[in-house]
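Q: With the input below, show me the fold.
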Amino acid sequence: MGELVLAGAGHAHMMLMEAIPDISADGHRVTVIGPDERHYYSGMGPGLLGGVYSSDKISFPVKSMVESRGGTFVLGKVARIDPHKRQVLLESGQAVPYDVLSCNLGSYVSSSLADKDSTDIYTVKPIQNLLQARLRIQEIASERAVRIGICGGGPAALEVAGNALAAVKEQGRFGAKIQIFTGSSFLRNLPDRVRNLAVKSLNKRGIDIVQGSYVECVATGSVILQNGQHYEQDIIFLALGVNPSKVFAASNMPVGKDGGLMVNRYLQSISHPEIFGGGDCICFEPTPLDKVGVYAVRQNPVLLHNVRAQLEGRSLNPFAPGGSYLLIFNTGGGKGILHKNGLSFGGPLAFWVKDYIDRKFIKRFKPNGS
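A: Numbers count the residues shown, from 1 in each chain. Here you go, the predicted model:
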């Protein structure tokens, strides 16, 4: 009998969790470690902020999913891994032993620009923060106009801006002043056509893009730029890019430049063959991968095969990242922007496509009514 441990219950582990009965039938025990009894689907997070979805509609009940299939769910946060003793060490002090380990520990958004005791400042991850921000925005919007600042110049800033405005419109008649603070050009890593559609959409709704100076720091009620300018805000979002989990660096395991677990083409640690990983927490040695959910979804069948093969001494399958992928952003108010292979357009149809794909993914893995 082998001990299989899944550290994290995110997108890249969905097929593994679905296959728990089959893995158990082969004589292995499966333990899943998660920081919450539910896992939130990040692709639908902006819609949570904008009021399109409720929290239960964009999350998987991972504890009940695991236990109903015969696995063990451990509620806790992973602190580090001891690959020599083959143990996952939790913040609580608990040690979870493994024979084979698969990691899907995700990513985080740094809050280092914020004062430790600041209030009304929200990183865009974990996704639950967006629900808290929505409630706070609507509390202020019921009394007066809301000032909202978003620090960051990538897709998350775009989606948060539009959906924060949607949250305001739903609640208050006083309106909002929303500003995006990006030190360099907005959406600089995206095609010009997408950038133009996004800027046009934001301008049409009165959302300002403040360029030319990076954010120095934020504190309660204030965004301060490196050029010394201060901007008063009621709500501040930090959308400064995602970083892989710190667990692997803390475990003295080989990592990439960004701190992600360095894996080979089999999604296997380059130093410890019994450890695998997927999603945002890895650095794929053959070629850099963008931090987008599509790769986690594509890694599912490879992780499923390779983890089971490692338990049973069979050969592994390589992961092929695949070609271009569909980009769709939820820009709020039931509209979106879609791009693939040179085709770009914005409006309700783009959001409809995104909504259809996201709901289909949720339905694929989520038990009915949960």
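Q: ok, longest helix in the protein?
A: For the chain, the longest helix by residue count, based on DSSP state H, is helix 293-312.
Q: Would you mark the buried spots in that one?
A: Residues 293-300, 302-308, 310-311 are the ones in helix 293-312 that count as buried (16 or more other Cβ atoms under 10 Å). C-beta: built from backbone N, CA, C; applies to glycine.
Q: Which residue ranges of the stretch 51-200 of the chain form helices?
A: According to DSSP state H, counting those that start in this stretch, the stretch 51-200 of the chain carries its helices in the segments 62-68, 128-141, 155-171, 192-204.
Q: buried stuff in the first one?
A: Within helix 62-68, the residues scored as buried using 16+ other Cβ under 10 Å are 62-63, 65-66.
Q: same thing with the third one?
A: Buried residues in helix 155-171, counting neighbours by 16+ other Cβ under 10 Å, are found at 155-169, 171.
Q: likewise stretch 104-116?
A: Applying 16+ other Cβ under 10 Å to stretch 104-116 flags 104-109, 113-114 as buried.
Q: same question, stretch 24-44
A: Neighbour count says stretch 24-44 has 24, 28-35, 37-44 buried, by 16+ other Cβ under 10 Å.
Q: From these, which land in strands?
A: Secondary structure defined by DSSP state E assigns 29-34, 39-40 of the buried residues of stretch 24-44 to strands.
Q: What are the neighbouring residues in contact with the residue nearest to residue 340 when sequence neighbours are not counted?
A: Spatial nearest neighbour of residue 340, excluding adjacent residues (Cβ to Cβ, 6 or more residues apart in numbering): residue 326 at 4.7 Å. Neighbouring residues of residue 326 by Cβ atoms under 8 Å, 6 or more residues apart in numbering: 294, 338-340, 357.
Q: mind putting those residues in CSV, pLDDT included?
A: Supplementary listing: the contacts of residue 326 in CSV, determined by pLDDT from 0 to 100:
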residue, pLDDT
294, 91
338, 97
339, 95
340, 91
357, 94
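Q: Can you turn the buried subset of these into a selection I can paste into ChimeraX?
A: This is the ChimeraX syntax for the buried subset of the contacts of residue 326, where burial follows 16+ other Cβ under 10 Å:
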select :294,338,339
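Q: Now, the contacts of residue 326 that are in strands?
A: Those of the contacts of residue 326 lying in strands (DSSP E): 338-340.
Q: Mind checking the helices of the stretch 51-200 of the chain for the one nearest to residue 276?
A: helix 62-68 (17.9 Å; Cβ to Cβ).
Q: follow-up on the earlier one: among the buried residues of stretch 104-116, find me the one that's closest to residue 256.
A: Residue 256 lies nearest to residue 107 out of the buried residues of stretch 104-116, by Cβ to Cβ, at 12.7 Å.
Q: Test my guess that residue 88 contacts residue 98.
A: Yes. In this structure residue 88 lies within contact range of residue 98 using Cβ atoms under 8 Å: 6.4 Å.
Q: mind putting the helices of the stretch 51-200 of the chain in a markdown table, mean pLDDT included?
A: Shown next, in a markdown table, are these (pLDDT from 0 to 100):
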| stretch | mean pLDDT |
| --- | --- |
| helix 62-68 | 95 |
| helix 128-141 | 95 |
| helix 155-171 | 95 |
| helix 192-204 | 96 |
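Q: Residue 366: which of these is closest?
A: Closest approach to residue 366 among the helices of the stretch 51-200 of the chain is made by helix 62-68 (8.0 Å; Cβ to Cβ).
Q: distance between the closest one and the chain's centre?
A: Put simply, helix 62-68 sits 21 Å off its chain's centre (Cα atoms, centre = their mean, to the nearest Å).
Q: Who are the contact partners of residue 305?
A: Contacts of residue 305 (Cβ under 8 Å, 6+ apart): 316-317.
Q: Okay, residue 270 and residue 33: tell me how far apart.
A: Distance, residue 270 to residue 33, using Cβ to Cβ, to the nearest Å: 23 Å.
Q: swap in residue 203?
A: Distance of residue 203 to residue 33, given as Cβ to Cβ: 45 Å.
Q: Could you do residue 167 as well?
A: 33 Å.
Q: For residue 315, see how far away residue 208 is.
A: Per Cβ to Cβ, residue 208 is found 56 Å from residue 315.
Q: Name the nearest residue to the spatially most central residue of the chain, ignoring sequence neighbours.
A: Of all residues in the chain, the one closest to the mean position by Cα atoms, centre = their mean is residue 42, 4.6 Å from it. In space, and not counting its chain neighbours, residue 42 is closest to residue 127: 5.6 Å by Cβ to Cβ, 6+ apart.
Q: so how many other residues sit close to that neighbour?
A: Per other Cβ atoms under 10 Å, the neighbour tally for residue 127 reads 20.
Q: mind checking pLDDT for it?
A: On the pLDDT scale, residue 127 is placed at 92.
Q: Could you verify my assumption that it touches residue 43?
A: No. Residue 127 lies out of contact with residue 43 (Cβ under 8 Å); the separation is 9.6 Å.
Q: What's the first helix or strand after the longest helix of the chain?
A: Per DSSP states H and E, the first helix or strand lying C-terminal to helix 293-312 is strand 327-332.
Q: mind checking how far that next one is from the chain centre?
A: The chain centroid and the centroid of strand 327-332 are separated by 15 Å, computed with Cα atoms, centre = their mean.
Q: cool, and stretch 172-191?
A: Stretch 172-191 sits 20 Å away from the centroid of its parent chain (Cα atoms, centre = their mean).
Q: Give me the angle between the longest helix of the chain and strand 327-332.
A: Our comparison of helix 293-312 with strand 327-332, counting by axes from the mean of the first three to the mean of the last three Cα atoms, to 10 degrees, yields an angle of 120 degrees.
Q: how many degrees apart are helix 293-312 and strand 29-34 in direction?
A: Using the same axes, to 10 degrees: helix 293-312 against strand 29-34 is 150 degrees.
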